[in-house]
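Trainee: pasted the sequence and its predicted model underneath.
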Amino acid sequence: MSDKSSSRPSGFDRRTFIAGAAGSALVPITARAAAQDASASGAKDAALPVDVTLRVNGKDMRLHIDARTTVLDALREHLRLTGSKKGCDHGQCGACTVLIDDRRVVSCLTLALAAEGQEITTIEGLATDDHLHPMQQAFIDNDAFQCGYCTPGQIVSAVACVKEGHAGSEADIREYMSGNICRCAAYPNIVAAVKQAAPEIMKG
Amino acid sequence: MTAAAPEPKANMGQPVPRYDAAAKVTGRATYASDMPLDNPAYAFLVTSAIAKGRIDSFDLDDARGVRGVIDIVTHENAPKLKESKLFSNGGYAGTTIQPLKSADIAHDGQIIAVVVAESYEAAREAANRVKVSYTAVAPSASFDSPGTTTAAAKGQNAQFKEDPEVGDFAKAFDKAEVKLTASYDTPTQHHNPMELFTTSCAWMGDNLVIYEGSQYVYGLKNGVAEQLGIDPDKIRVVNPYVGGGFGSRGSMTPRTAIIAGIAKRLNRPIKLVPTRDQGFTIATYRAETRHEIRLGASRDGKLVALRHEGAEVSSRPDAYCVGGTKTTTRLYACPNVDSLVSIVRADRNTPGFMRSPPEVPYLFALESAMDELAVKLNMDPVELRRINDTTNEPIGGKPYTSRSLMACFDEAAKAFGWSQRSPQPKSMSDGDWLVGYGCAATCYPTQMAPSAARVRLQRDGRTRVEIAGHEIGTGAYTIIAQTAAERLGVPLEKVAVLVGDSELPPAPVAGGSNSTASTCSAVMMVCDQIRQRLFKALMPSDSLTDKAKETVGISQAPSTQVAKSDRPLDLEKAFDELGAGVVEEYGEWKPEGAPLDSFKAMHSGHARLVGGHAMKDKIAYAFGAEFVEVRVNRFTHEIRAPRLVGAFAAGRIMNPRTARSQLMGGLIWGMSSALLEATEIDQRNARYVNDNLADYLVPVNADVPGVEVILLSEQDDHINPAGAKGLGELANVGTNAAICNAIYHATGQRIRKLPVRLENIEV
């Protein structure tokens, strides 16, 4: 895939991106040589911003961002949608959970570029007009949070958990909600909230 | 009513939903790093790869070559900052190790450079391209490392005033009919609140706004002002919501003044979002501890001798310690008591308070030892506590203001089904699982500190309460609103509350579980001032007679007494008489026994906590009892804790919903501390190994099947006007011992070192 033949609206080139990302911590040292080769050969500088269009909560959002920007940082730093939280940036805590095409994903491990053309739903997109989503109401009723920092991720994850059919029993809910850490440990209340909201969500 | 909202018993408020609930479930609650900044630059930290030695040189060429890099700050070009003393020595800082001051390295993960760039991505890339040459010296990692120094805590830590003792321990222990000597270890633990240790700084001329999750906005404001050498009133700290604290945000860390200084120099707002692993070394933690307990008892179970010796790790420059002997020497009746706390200095970052700092490690030792003694005496462990229960603490003979310890044991035992326990170890099982029941006492000192508040009441009943308290998940907004509504007789939905802003009237640190008692007492007092003004307007010739006092309430009376005598004020009539549309009052409240300089200290960000064992002629603690069922798989040695039951009494319960949630979270914290949490240390390099949320084990939902919280009714008129004892740090204290006691019951194996993992079981 080259710049010219790219089907992505951004004209993003995966190979030059990988080379340009060599400075980040996760790429082995040997990749640095590749970075030099890439720039020497005159490929597009991966550090230059790219155009990305993200569809977030039903609206198209045009962005001009670093190609390495994650969905989470795109939401928080560029779209001012700060409901999704950064708790680890490693996909370990779940605070950044959003829905992409109705699947729950950790937005800190998903590049914005990789989410182009897909439907992103964040905590800000769950309530309609002035009506809370049944899961949001259930979290209030069951006091399913304390500090509230993991809560957007918990609620988004819980909505998916129900739709996946994983809210049939308390044991199931506990298991399928275990990707979201709550350090205040509101867990029993989270289980109660998911249980309360599940029938209403399944009803549609 | 859901389980989350228990029916209130006597001396409990209503279990209303949280004031901030809608904001938190919709993503509208703005934490520090959510605050919008105008064209911010992004900072990324570079931290030391060695624990001891010095930096020889930096090679920054590669980093500077990254597109978008604005500045790289090292000790060679860092903003000059004044030092702040440790909070326990009258300063604001959680550590006196000041990074970027010299080439010296005092601990692994110390901040050694800050890269500032146009984007987060560029800052991160450049930070990873910073090359550092060090001269490393072999560090001392912990207790058994060569090169540590050990000395008594007394004399080197101003907050550790005494090694409590009474009678003649040596003689009594020597003569005791039954004796126990046992050693216990607790591990290093990190708070790991979900919100990272972010800091945003924006200057407007000479005025600085800091967005940072803090448990003490006045401390942070004054501390940063001291470091920058500017007037504290030029600084505003804002954090309406804090993503968990657990003690980690109680004292100032070095990062804040550094970021403020760089923002000033670059004349641009700066946003720092440190990584999770950096959080392990740029803030504080719970240090590892070691204990030796000696108990002597008569055959019928009466304690005759108790000795508790504790040792704790701290950093080279700072004598931090938690010193939990102040509690363990006073919990049970015993005529002969001795204790000693020592501090071991190693090449580590300075530890600090983490949820129930003294009680978690020290009560693990004592409550494990009490269970071991019960086994030696062939006695039910609940009965051993009953035999040694006391109304007066043994060191000074002072009476407990209230003490519902045995009531908690009895309630929890009943709910748990303790009577079903067969006393012999290894006597209960279910298929492949060995089943064990264990219990332990829990307690936490009742503490208070001076606090101010401003309350504004409008003719239509709309009320606004302003107080620089902290919403760290405790329910501060909610109970402050409830207190004002109740005291003024206005509907709860008409009360607005502002916290988390250093422009508001000062409140103490959200630490030591003092917030509810302190802030609500202040709010009550100021509401009473408003009632007095309105009452005077209504009955000008009759002010402050007994009848008036009855109508307006008396500020030092517990709220329940006032509630009984309250009569609703006719607000419209009172405002008409007063000739005003708004009444606003400001007031400063201080607890009984607060030092003379309390209010001055309150404004300058020094919290003067009083209470617990340090009261003049009484001692105030909240109590509880915790019962645990553990299951140990006889083949895999897997350990599970399917049932945690706790009963707690903590004076007035302001809101049974928020109280229950906090106690439930505390019980789970206790389970986590017993079975999961430990920061592993590379002993050669004095480095934390598992510095992320996958390897530092905290509970997930599947780890927590059953938790039951029982709130006991208790009234205490001798502590503070709110009648409240802190409970945020009550529940996670006894759980460690309760679980180890249950593991002993299940397996016959006594485990004295935390956490207990399957490799420690030798069934």
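Mentor: Right, received. Where do you want to start? Since we're looking at a predicted model, the values are computed, not measured.
Trainee: which single residue of chain B approaches chain A most closely?
Mentor: Residue nearest to chain A within chain B: residue B:27 (2.1 Å; Cβ to the nearest Cβ). Backbone N, C-alpha and C define where each C-beta goes, glycine included.
Trainee: tell me the contacts of that residue?
Mentor: Shown in contact with residue B:27 (Cβ atoms under 8 Å, 6 or more residues apart in numbering or on different chains): A:81-84, A:122-124, A:152.
Trainee: which of those residues lies closest to chain B?
Mentor: residue A:83 (2.1 Å).
Trainee: apart from its neighbours in sequence, what residue is nearest that closest one?
Mentor: Distances taken as Cβ to Cβ, 6 or more residues apart in numbering or on different chains place residue B:27 nearest to residue A:83, at 2.1 Å, with adjacent residues excluded.
Trainee: check residue B:200 too.
Mentor: Closest to residue B:200 by Cβ to Cβ, 6+ apart is residue B:211, at 4.2 Å.
Trainee: just checking, the one you found touches residue B:195?
Mentor: No: the criterion here is Cβ atoms under 8 Å, and residue B:211 misses it with residue B:195 at 11.6 Å.
Trainee: which neighbours do these two share?
Mentor: Common contacts of residue B:211 and residue B:195 (Cβ under 8 Å, 6+ apart): B:32-33.
Trainee: more neighbours: which of those two?
Mentor: Taking other Cβ atoms under 10 Å in any protein chain shown, residue B:211 and residue B:195 do not tie; residue B:195 has more neighbours (30 against 25).
Trainee: the helix or strand that contains residue B:438 pairs with which strands?
Mentor: Using DSSP states H and E, residue B:438 sits in strand B:433-445. Here strand B:433-445 is paired, per DSSP bridges, with strand B:429-430 (antiparallel), strand B:621-633 (antiparallel).
Trainee: single out the most deeply packed of these.
Mentor: Burial of the strands paired with strand B:433-445 is given as mean neighbour count (mean count of other Cβ atoms under 10 Å in any protein chain shown); strand B:621-633 ranks first at a mean of 27.
Trainee: how about that one as PDB, C-alpha atoms only?
Mentor: The C-alpha trace of strand B:621-633 is given here as PDB (Å, rounded to 0.1, in the frame of the first residue of the first chain):
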ATOM      1  CA  TYR B 621     -12.200   5.500  67.700                       C
ATOM      2  CA  ALA B 622     -14.700   3.900  65.300                       C
ATOM      3  CA  PHE B 623     -14.900   0.100  65.600                       C
ATOM      4  CA  GLY B 624     -16.000  -2.800  63.600                       C
ATOM      5  CA  ALA B 625     -15.800  -6.600  63.300                       C
ATOM      6  CA  GLU B 626     -15.000  -8.600  60.200                       C
ATOM      7  CA  PHE B 627     -15.800 -12.200  59.300                       C
ATOM      8  CA  VAL B 628     -14.500 -14.000  56.300                       C
ATOM      9  CA  GLU B 629     -15.000 -17.300  54.600                       C
ATOM     10  CA  VAL B 630     -12.000 -18.600  52.600                       C
ATOM     11  CA  ARG B 631     -11.800 -21.600  50.500                       C
ATOM     12  CA  VAL B 632      -8.400 -23.200  49.700                       C
ATOM     13  CA  ASN B 633      -8.300 -25.800  46.900                       C
END
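Trainee: distance between it and the chain's centre?
Mentor: 20 Å (Cα atoms, centre = their mean, to the nearest Å).
Trainee: quick check: what element follows it along the chain?
Mentor: For strand B:621-633, the following helix or strand on the C-terminal side (DSSP H and E) is strand B:639-649.
Trainee: that following strand packs against which elements?
Mentor: helix B:405-416, strand B:433-445, strand B:621-633, helix B:656-675, strand B:706-711, helix B:731-747 (3 or more Cβ pairs under 8 Å, 6 or more residues apart in numbering or on different chains; DSSP states H and E).
Trainee: most tightly packed of those?
Mentor: Here the criterion is mean neighbour count by mean count of other Cβ under 10 Å, and of the helices and strands packed on strand B:639-649 the winner is helix B:731-747, at a mean of 29.
Trainee: which neighbouring elements make contact with that helix?
Mentor: Helices and strands touching helix B:731-747, as assessed by 3+ Cβ pairs under 8 Å, 6+ apart, comprise helix B:359-377, strand B:433-445, strand B:621-633, strand B:639-649, helix B:656-675.
Trainee: dihedrals phi and psi, residue B:124?
Mentor: When quoted as degrees, to the nearest 10, the phi and psi of residue B:124 stand at phi -70, psi -40.
Trainee: need the contact list for the closest residue to it other than its chain neighbours.
Mentor: Spatial nearest neighbour of residue B:124, chain neighbours left out: residue B:44 (5.1 Å); criterion: Cβ to Cβ, 6+ apart. Residue B:44 makes contact with B:114-115, B:117, B:120, B:123-124, B:126-127, B:272, according to Cβ under 8 Å, 6+ apart.
Trainee: and the two most separated of those residues?
Mentor: By the measure Cβ to Cβ, B:126 and B:272 form the most distant pair in those, at 14.3 Å.
Trainee: care to break chain B down by domain?
Mentor: When chain B is parsed with automatic domain parsing, its domains come out as B:1-30+B:400-446+B:620-763, B:448-608.
Trainee: pLDDT value on residue 92, please?
Mentor: Reading this off chain A. Reported pLDDT at residue A:92 in the predicted model: 98.
Trainee: my bad, the chain I had in mind was chain B
Mentor: Note for residue B:92: predicted pLDDT of 98.
Trainee: residues contacting it?
Mentor: Residues in contact with residue B:92, defined by Cβ under 8 Å, 6+ apart, are B:84-85, B:219-220, B:222-223, B:226, B:251-252, B:605-606.
Trainee: can you show me the strands along chain A?
Mentor: Secondary structure of chain A (DSSP state E): strands at A:50-56, A:59-65, A:97-100, A:103-106, A:119-121.
Trainee: paired strands for the third one, with orientation please.
Mentor: Looking back up the chat, that one is strand A:97-100. strand A:103-106 (antiparallel), strand A:119-121 (antiparallel).
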